[in-house]
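J.: Okay, structure incoming, though there's no sequence with it:
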């Protein structure tokens with residue numbers, strides 16, 4: 001996620017410069033043919049250009065809002081994961097009977113499983129090797145168990161459920177308190193499902209194609225609608241207008257997929273590290289990792 005207060009225009013130009021240069025060159029060609037080759041038939045009614053530009057602005061506004069909604073929902077879901085992770089371990093410490101056998105070791109194991117779950121979910125959403133960080137918090141038996149599952153985060157969540165059920169069946173967690181713990185695990189599972197829904201539901205392809213087609217048509221007729229009234233000034237005006245449309249469209253494209261391991265994505269790695277630090281401090285582990293600081297203006 002980009003965290004600098006001032007955005008570098010050059011970062012964006014790397015994605016859209018080719019299209020802007022092509023449109024500007026095309027506008028220069030239109031002006032040359034009109035002015036020096038007397039191709040006056042190139043003149044296009046400015047009223048039609050204005051109508052198409054207005055319609056295109058509405059389409060871009062809708063796409064940008066829809067893309068932002070996906071990005072913001074992803075960030076909200078990971079905010080819920082941070083809170084529920086802390087809640088799970090606090091509840092485990094408070095709800096398990098103090099006289100329960102191996103309580104401290106069990107709470108430590110739950111904390112490690114929760115940290116592993118967060119990293120596994122993060123890597124799954126980014127389609128990276130799932131157990132890169134999660135394996136550090138899983139023992140050999142747990143690793144063998146989760147490797148047999150297609151959905152490793154779900155398997156880790158299942159392990160946590162089994163650990164808590166053992167205490168409940170031994171009478172070391174009260175029924176009401178066990179229901180509260182189960183509710184926390186359920187909300188974690190719900191958050192995982194929301195992330196998977198965002199990841200696996202692509203932005204409507206037909207809408208994106210229609211929008212690109214409209215931008216292409218608009219940039220074709222824009223200089224034709226300007227050259228008759230403002231002459232060579234049509235070239236820089238075409239540059240500015242096309243830049244704005246390409247800029248907005250590129251922003252929406254980047255934001256519509258918040259789990260692609262890019263600079264504008266949901267900062268899942270940083271959030272996982274925050275959860276890791278918080279849970280290890282709760283269980284009083286001696287070795288606490290450092291926070292992840294912004295690099296090149298963004299955090300992952």
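T.: That came in fine, so what should we check first? Here the structure is a predicted model, which is why all the values come from computation and not from measurement. Numbers count the residues shown, from 1 in each chain.
J.: Show me where the stretch 51-200 of the chain has its helices.
T.: All helices of the stretch 51-200 of the chain, identified by DSSP state H, counting those that start in this stretch, fall at 103-125, 131-134, 140-147, 152-169, 175-200.
J.: between the fourth one and helix 103-125, how many degrees?
T.: By that I understand helix 152-169. 160 degrees (axes from the mean of the first three to the mean of the last three C-alpha atoms, to 10 degrees).
J.: on that earlier part again, now the helices of the stretch 51-200 of the chain in TSV, please, with extra columns for distance to residue 84 and mean neighbour count.
T.: Where you see a C-beta, it was placed from the backbone N, CA and C, and this is true even at glycine. Shown next, in TSV, are these (distance: least, C-beta to C-beta, whole Å; neighbours: other C-beta atoms under 10 Å):
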stretch	distance to residue 84	mean neighbour count
helix 103-125	9	22
helix 131-134	18	19
helix 140-147	20	14
helix 152-169	11	18
helix 175-200	5	16
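J.: Now render those as CSV, adding mean pLDDT.
T.: Below are those laid out as CSV (pLDDT from 0 to 100):
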stretch, mean pLDDT
helix 103-125, 91
helix 131-134, 84
helix 140-147, 90
helix 152-169, 91
helix 175-200, 92
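J.: wait, which of those helices is closest to residue 33?
T.: Closest to residue 33 of the helices of the stretch 51-200 of the chain is helix 175-200 (C-beta to C-beta; 47.6 Å).
J.: Distance from the closest one to the middle of the chain?
T.: 20 Å (C-alpha atoms, centre = their mean, to the nearest Å).
J.: my read: residue 96 touches residue 173, true?
T.: Yes: look at residue 96 against residue 173 with C-beta atoms under 8 Å: they come within range, at 5.7 Å.
J.: Next, show the common contact partners of the two.
T.: Listed contacts common to residue 96 and residue 173 are residue 167; contacts here mean C-beta atoms under 8 Å, 6 or more residues apart in numbering.
J.: Residue 268: which of the helices of the stretch 51-200 of the chain is closest?
T.: Of all these, helix 103-125 comes closest under C-beta to C-beta, at 4.1 Å.
J.: Tell me how far the most far-flung residue of the chain relative to its centre lies from residue 70.
T.: The C-alpha centroid of the chain is most remote from residue 38, which lies 51.3 Å away (C-alpha atoms, centre = their mean). Distance, residue 38 to residue 70, using C-beta to C-beta, to the nearest Å: 50 Å.
J.: what does residue 228 give?
T.: 42 Å.
J.: go on, residue 15?
T.: 19 Å.
J.: neighbour count winner among these two?
T.: Counted by other C-beta atoms under 10 Å, residue 15 and residue 70 do not tie: residue 70 has more neighbours, with 18 against 14.
J.: Just confirm the more buried one contacts residue 258, I think it does.
T.: Yes: when contacts are counted by C-beta under 8 Å, residue 70 is listed as touching residue 258 (6.2 Å).
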